[in-house]
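> Provide a 3D model corresponding to the input given below.
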Amino acid sequence: MAIQQKLSLMIPGPTPVPEKVLHALSKHPIGHRSKEFQALVESTTKNLQWLHQTQNDVLTITGSGTAAMEAGIINTLSKGDKVICGENGKFGERWVKVAEEFGLEVIKINSQWGTPLNPEKFKELLEQDKQKEIKAVILTHSETSTGVINDLKTISSYISEHKTALSIVDCVTSLGACNVPVDEWNLDIVASGSQKGYMIPPGLSFISMSQKAWEAAENSNLPKFYLNLKSYRKSLRSNSNPYTPAVNLVFALDESLKMMREEGLENIFLRHTKHKLAISNAAKALNLELFASEKCLSPSITAIKTGEMDAEIFRKTIKNKFDILLAGGQDHLKGKIFRIGHLGYINDRDIITVLTAISNILLGMGKVTAQQAGEALLVANKYLE
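Predicted coordinates for the structure are as follows:
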């Protein structure tokens, strides 16, 4: 029987989980109506507000990031409302589908996969809306499918100038990886998920709600029950939850947030930035072409083109030889790109390891020389230092 090897997750989620968090996850469950659990909710809520850089309510839902995004939409909008959806990847497409499923009138702002959304297109549509018919702008901050980060700060400033429209933002792979100052940028609704920058297993999602968002919730007529955020807000006042939560995941969340506070926001952001730069520049040294422009690279994931080489075969080879899991391309990009996740509990050793593995495979295929492989590691090391 083969020895079970350690699988290294270098994908955009689930991400590696720290040992301290795994220990917390293995605790014996406690009653979710107990005083002990209420103290846990109070602690995690305060730390969630710290991470979001907000005084707003930050609610915890047992469900994936998609649940949080759907909750943001159905709690603040009504059937027939006009919304703008930014679409430059798989997840932008998903929010269009969700909005249309609930009978919203969707105006799409598209950008080719691998390129960022143009903030000026948002500005133009919002300024033209003299009757204030646009009720929300829905977009993805870090587009996981392509490795692109969109200019949320600028787009949010245009939404704020509109006065009426809400910002509903997928920050699933940006929160905990780069600066998302919710209050400073006047973000109304921000959704994220536990298996990304939070460094815990899948199962929890988080949603930040501004006062403007709560005011909009008073007029929303879309159907909701389990995802009715008013219930979550009411129970949060007593440090509770309207339904049975994933108790052990909250144990894990408490530990991971404490680890993040100990590291500090600026250090977290710096770590993700240097890992992005190390991988993207080393990739170029290996004659690999980045899928996204260098001006808009996500701090969470790097997408790399493979040209005539089948990306799925390349991923399989890396996994079989080195027990490293890379992400593949989605939809029309399957087989054409692979994606390296550098999100959450990733350190410099992980970066050097994955780059060495990629170099080794390319060397064996005759795609690079030993000198180029070595130079790629020197390039990475420069950014890691």
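
> if we go by neighbour counts, what in stretch 363-372 is buried?
Buried residues in stretch 363-372, defined by neighbour count with 16 or more other Cβ atoms under 10 Å: 367-368. Every C-beta, even on glycine, is put in place using the N, C-alpha and C of the backbone.

> show the end-to-end separation of it, please.
From its first residue to its last, stretch 363-372 covers 9 Å (Cα to Cα, to the nearest Å).

> which helix runs longest in this protein?
Across the chain, the longest stretch assigned as helix under DSSP state H is helix 265-285.

> who are the packing partners of it?
On a contact count with 3 or more Cβ pairs under 8 Å, 6 or more residues apart in numbering; DSSP states H and E, helix 265-285 meets strand 289-290, strand 301-305, helix 348-364, helix 370-384.

> any idea of the mean pLDDT in it?
Mean pLDDT, helix 265-285: 98.

> CA atoms of it as PDB?
Taking Å, rounded to 0.1, in the frame of the first residue of the first chain, the C-alpha atoms of helix 265-285 are listed here in PDB:
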ATOM      1  CA  LEU A 265      -3.100  43.800   8.300                       C
ATOM      2  CA  GLU A 266      -0.100  45.500   6.700                       C
ATOM      3  CA  ASN A 267       2.100  42.400   7.100                       C
ATOM      4  CA  ILE A 268      -0.700  40.200   5.600                       C
ATOM      5  CA  PHE A 269      -1.000  42.400   2.600                       C
ATOM      6  CA  LEU A 270       2.800  42.700   2.200                       C
ATOM      7  CA  ARG A 271       3.100  38.900   2.300                       C
ATOM      8  CA  HIS A 272       0.500  38.400  -0.400                       C
ATOM      9  CA  THR A 273       2.100  41.100  -2.600                       C
ATOM     10  CA  LYS A 274       5.600  39.600  -2.400                       C
ATOM     11  CA  HIS A 275       4.300  36.200  -3.200                       C
ATOM     12  CA  LYS A 276       2.400  37.500  -6.200                       C
ATOM     13  CA  LEU A 277       5.500  39.300  -7.500                       C
ATOM     14  CA  ALA A 278       7.800  36.300  -6.900                       C
ATOM     15  CA  ILE A 279       5.500  33.900  -8.800                       C
ATOM     16  CA  SER A 280       4.700  36.300 -11.700                       C
ATOM     17  CA  ASN A 281       8.300  37.300 -12.300                       C
ATOM     18  CA  ALA A 282       9.700  33.800 -11.900                       C
ATOM     19  CA  ALA A 283       7.100  32.600 -14.400                       C
ATOM     20  CA  LYS A 284       8.300  35.100 -17.000                       C
ATOM     21  CA  ALA A 285      11.900  33.900 -16.400                       C
END
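
> and that helix, what's buried?
For helix 265-285, using 16+ other Cβ under 10 Å, the buried residues are 265, 268-269, 271-272, 274-283, 285.

> strands of this structure, start to end?
In the chain, strands defined by DSSP state E lie at 8-10, 57-62, 82-87, 105-110, 134-140, 142-143, 148-149, 166-170, 189-193, 204-209, 289-290, 301-305, 324-328, 337-341, listed in chain order.

> could the ones you listed be laid out in a markdown table, adding mean neighbour count, mean pLDDT and distance to residue 353?
Below are the strands of the chain laid out as a markdown table (neighbours: other Cβ atoms under 10 Å; pLDDT from 0 to 100; distance: least, Cβ to Cβ, whole Å):
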| stretch | mean neighbour count | mean pLDDT | distance to residue 353 |
| --- | --- | --- | --- |
| strand 8-10 | 23 | 96 | 7 |
| strand 57-62 | 22 | 98 | 33 |
| strand 82-87 | 24 | 98 | 35 |
| strand 105-110 | 16 | 98 | 37 |
| strand 134-140 | 26 | 98 | 29 |
| strand 142-143 | 32 | 98 | 23 |
| strand 148-149 | 26 | 98 | 24 |
| strand 166-170 | 29 | 98 | 30 |
| strand 189-193 | 29 | 98 | 25 |
| strand 204-209 | 26 | 98 | 28 |
| strand 289-290 | 15 | 98 | 20 |
| strand 301-305 | 25 | 98 | 15 |
| strand 324-328 | 20 | 98 | 7 |
| strand 337-341 | 26 | 98 | 11 |
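
> residue 238 is nearest to which of the ones you listed?
With Cβ to Cβ as the measure, strand 57-62 is the member of the strands of the chain nearest residue 238 (13.6 Å).

> what packs against the closest one?
helix 35-52, helix 65-74, strand 204-209, helix 229-236, helix 247-263.

> switch the strands of the chain over to JSON lines; also include distance to residue 122.
Shown next, in JSON lines, are the strands of the chain (distance: least, Cβ to Cβ, whole Å):
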{"stretch": "strand 8-10", "distance to residue 122": "33"}
{"stretch": "strand 57-62", "distance to residue 122": "25"}
{"stretch": "strand 82-87", "distance to residue 122": "7"}
{"stretch": "strand 105-110", "distance to residue 122": "6"}
{"stretch": "strand 134-140", "distance to residue 122": "6"}
{"stretch": "strand 142-143", "distance to residue 122": "15"}
{"stretch": "strand 148-149", "distance to residue 122": "16"}
{"stretch": "strand 166-170", "distance to residue 122": "10"}
{"stretch": "strand 189-193", "distance to residue 122": "16"}
{"stretch": "strand 204-209", "distance to residue 122": "20"}
{"stretch": "strand 289-290", "distance to residue 122": "25"}
{"stretch": "strand 301-305", "distance to residue 122": "24"}
{"stretch": "strand 324-328", "distance to residue 122": "29"}
{"stretch": "strand 337-341", "distance to residue 122": "26"}
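
> residue 251: which of those is closest?
strand 204-209 (11.2 Å).

> contacting residues around the closest one?
Residues from elsewhere that reach strand 204-209 (Cβ atoms under 8 Å, 6 or more residues apart in numbering): 48, 52, 54, 56-68, 71-72, 175, 182, 187-194, 198, 217, 229, 233, 246, 249-250, 253.

> redo that, cut-off 7 Å
Here strand 204-209 makes contact (Cβ atoms under 7 Å, 6 or more residues apart in numbering) with 48, 52, 54, 56-65, 67-68, 71-72, 182, 189-194, 229, 246, 249, 253.
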